[in-house]
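Participant: Fold the following.
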Amino acid sequence: MLPSLFIAHGAPTLAVEKNAYTDALKELAGQLKRPRAIVIFSAHWESPVQEIGSADVFSTIYDFGGFPLELYEIQYPAAGDRLLAEEAAALLRSAGVSVRFHPSRGLDHGAWVVLRLMYPDADIPVVPMSVNPALTPQEQYDIGRALRALRQRDILIIGSGGTVHNFAKINMWAKPGQADEWAVQFEEWLAETLTAWDLPALYRYRELAPYANWAVPRHGSEHFVPLLYAMGAADDDRRAQRLHLSFQLGSLSHVIWQFGAGTD
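Facilitator: Model prediction:
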């Protein structure tokens, strides 16, 4: 059985960078069993109703501005998987989650940056999913939980976002590899909580985690919530392992969490 993953997608420039984090993502793909298909929740697709991408072939969305020209030349033409999209929809509906299909939306950079680093040939079918920051943490976890059976059929479930993601707190003067202490404290609280699979504490992270409102702005939680979707997808195998942590610009975290099968 494949694990589920939470992967920070960082800035769009991650797509053309080479560093310890991009190396870790490429190595992770080589260590995992090759998935039959990928279900990915992206922080950059928000919707009040759970949406599922059902295109035959996905266009590449450049949902950013002011970046180097080479980023706008990247294509990631992954195929869709309508049968898998329908199966995911059936699982969600059976859990009481309303669903609608989106046949024309492409892959935003929260999806294609991560996927291109791990599977550069775009030869694995993809089913993209929206996120809803307005839900409670438990409701977000339960959506991932509803999809856990897909992992038994070699479907890789990924949540793409960022555990510490606050542009107002970025340190433009940070040296390479330098991490702001407040961001480290939040990540270490999160690591302790996830490793213990302490859901009551995780659901109350805003009250309990140090600097939670700096790491996850109250009106900007869309990057944090994919973690809950990915974790819920491993509810039947409650093990968590942080595979990588580094920081960019002082507090923008590059982190990989693996949930379920394959963890130590």
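Participant: Is it correct that residue 101 falls within a strand?
Facilitator: Yes. The assignment for residue 101, made by DSSP: H, G, I helix; E, B strand; the rest coil, places it in a strand.
Participant: What ranges does the stretch 101-250 of the chain have for its helices?
Facilitator: Along the stretch 101-250 of the chain, the segments classed as helices by DSSP state H, counting those that start in this stretch run 109-118, 137-146, 181-195, 199-203, 205-208, 212-215, 226-232.
Participant: How far away from the center of its chain is the fifth one?
Facilitator: Centroid separation between helix 205-208 and its chain, computed with Cα atoms, centre = their mean, to the nearest Å, is 21 Å.
Participant: for the residue nearest the centre of the chain, which residues make a bridge with it?
Facilitator: Ranked by distance to the mean C-alpha position of the chain (Cα atoms, centre = their mean), the top residue is residue 160 at 1.7 Å. With DSSP bridges applied, the residues forming beta bridges to residue 160 are residue 7, residue 42.
Participant: Surely it is in contact with residue 14?
Facilitator: No. Residue 160 is not in contact with residue 14 according to Cβ atoms under 8 Å; the separation is 11.2 Å. C-beta here means a position set from N, CA and C on the backbone, and glycine is covered the same way.
Participant: so what's in contact with the two at the same time?
Facilitator: With contacts defined as Cβ atoms under 8 Å, 6 or more residues apart in numbering, no residue is adjacent to both residue 160 and residue 14.
Participant: OK, contacts around the residue lying closest to residue 110 once chain neighbours are set aside?
Facilitator: When the adjacent residues along the chain are set aside, residue 110 lies closest to residue 42, with 3.6 Å between them (Cβ to Cβ, 6 or more residues apart in numbering). Contacts here follow Cβ under 8 Å, 6+ apart; on that basis residue 42 touches 9, 107, 108, 110, 111, 128, 129, 130, 131, 160, 161, 226.
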